[in-house]
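Student: after the sequence you'll find the predicted model.
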Amino acid sequence: MTPRTSARDRFTALPKAHLHVHLEAAMREATLRQWCAEDGIEVPPLVEYADFTAFLGAYGLLIDLLHTPERVGRLLDEVVADAAAQGVVALEFASIPEKAVAFGSAEEALEFILPAASDAGRRHGVWTGSIVSIDRGAGREHALEAARLAARFADRGVVAVGLVADERGNPVADAAGAFAIARDAGLGVVPHAGELAGPDEVRSAIELGVDRIQHGVRAVEDPRVLELLAERGTCLDVCPTSNVVLDVYPSLEEHPLPRLLEAGVRCSLGADDPLLFGVDVVDEYVAAHERMGVSVARLVGVARASIEASFAPDDVKRDALARIEAWRLD
């Protein structure tokens, strides 16, 4: 990196996949403020939350703002455009379709969202895939129906099912039946685990044969789980700033990303909820290098792992990996 090239510019130019981002919370702040003004409601708190419940309340307001198809379409275009500007070549965004208030049903939501995302991807040069999230606190029937819904759209842009919300009291193993439905449809499985709950949840996810784990950072608390992650090659979609804002770790300097990488665990970097945490995916690369001491070489490996662990088509992966190699040699 030359003195005239900022770290942000350099890491923006590094091709990457963004695999851990929630659609509604990738809204631009200017768009949030415009829509709050139009609807006559107060802008929710950003970045600082008293607890996880307060964070979920802010997220719920974002969902409520998306009450017309036009707003959903604008959101998708802006999210994909922002991804392109951050050097993202493959974007996997997560949402819970049944909570899309602009539509009469979850099916109608996906029938609108999937082609709109694909169109935005073509406009901005970013491959897009949709993750249908299961709300782990909504019960077994919701989980099964969410997986069946995802399966019906498996050839139309849905690439995986996820599992979101508070892990505590809602173990990943409870979703095993839903995961089986997704797998039978050829979909990936990418649950949140090892964020608010400990390494046993990461182990459970691995034993269920998931494709990736969103967060998974508390695996560092059990060396045997770390070894299992490295042995299986399971990628963790890590979001350091999210973990700090929600008090999983006290600071970026104390975040375990460097230990995960040193243990041979494959990791991607994600922004999780960019609007609510005040960062984008490039910010996470910069923070990993400048505040966590992760070398540029290791971050090239992170970018490579993000592409390899994505559900993007093979031609997208080949092109991105070649571009990463060119970036590395530049």
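Tutor: Looks like it came in fine.

Student: my read: residue 176 touches residue 210, true?
Tutor: No - Residue 176 lies out of contact with residue 210 (C-beta atoms under 8 Å); the separation is 10.4 Å. The C-beta positions use only the backbone N, C-alpha and C, and glycine is treated the same way.

Student: more neighbours: which of the two?
Tutor: When residue 176 and residue 210 are compared for neighbours, residue 210 comes out ahead with 28 against 15, by other C-beta atoms under 10 Å.

Student: where does the closest residue to that one other than its chain neighbours land in three-state SS?
Tutor: Using C-beta to C-beta, 6 or more residues apart in numbering and skipping the chain neighbours, the partner closest in space to residue 210 is residue 189 (4.6 Å). Of the three states, residue 189 takes strand according to DSSP: H, G, I helix; E, B strand; the rest coil.

Student: can you pull up the bridge partners for residue 189?
Tutor: Beta-bridge partners recorded for residue 189 (DSSP bridges): residue 161.

Student: so how far is residue 130 from it?
Tutor: 14 Å (C-beta to C-beta, to the nearest Å).

Student: could you do residue 102 as well?
Tutor: Distance of residue 102 to residue 130, computed by C-beta to C-beta: 16 Å.

Student: quick one, which of those two is more surrounded?
Tutor: Comparing residue 102 with residue 130 by other C-beta under 10 Å, the one with more neighbours is residue 130, at 25 against 18.

Student: list the helices and strands the helix or strand that one falls within packs on?
Tutor: Applying DSSP states H and E as the criterion places residue 130 in strand 127-135. Packing contacts for strand 127-135, counted by 3 or more C-beta pairs under 8 Å, 6 or more residues apart in numbering; DSSP states H and E, involve strand 88-95, helix 106-124, helix 140-152, strand 158-164.

Student: tell me the mean pLDDT for that strand?
Tutor: Taken as a whole, strand 127-135 has a mean pLDDT of 97.

Student: how about that strand as PDB, C-alpha atoms only?
Tutor: What follows is strand 127-135 as a C-alpha-only set of coordinates in PDB (Å, rounded to 0.1, in the frame of the first residue of the first chain):
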ATOM      1  CA  TRP A 127     -24.400 -11.500  -8.100                       C
ATOM      2  CA  THR A 128     -27.200 -11.700  -5.500                       C
ATOM      3  CA  GLY A 129     -28.600 -14.600  -3.500                       C
ATOM      4  CA  SER A 130     -31.400 -14.600  -0.900                       C
ATOM      5  CA  ILE A 131     -31.200 -16.300   2.500                       C
ATOM      6  CA  VAL A 132     -34.700 -17.000   4.000                       C
ATOM      7  CA  SER A 133     -34.300 -16.600   7.700                       C
ATOM      8  CA  ILE A 134     -36.000 -18.700  10.300                       C
ATOM      9  CA  ASP A 135     -37.000 -16.700  13.500                       C
END
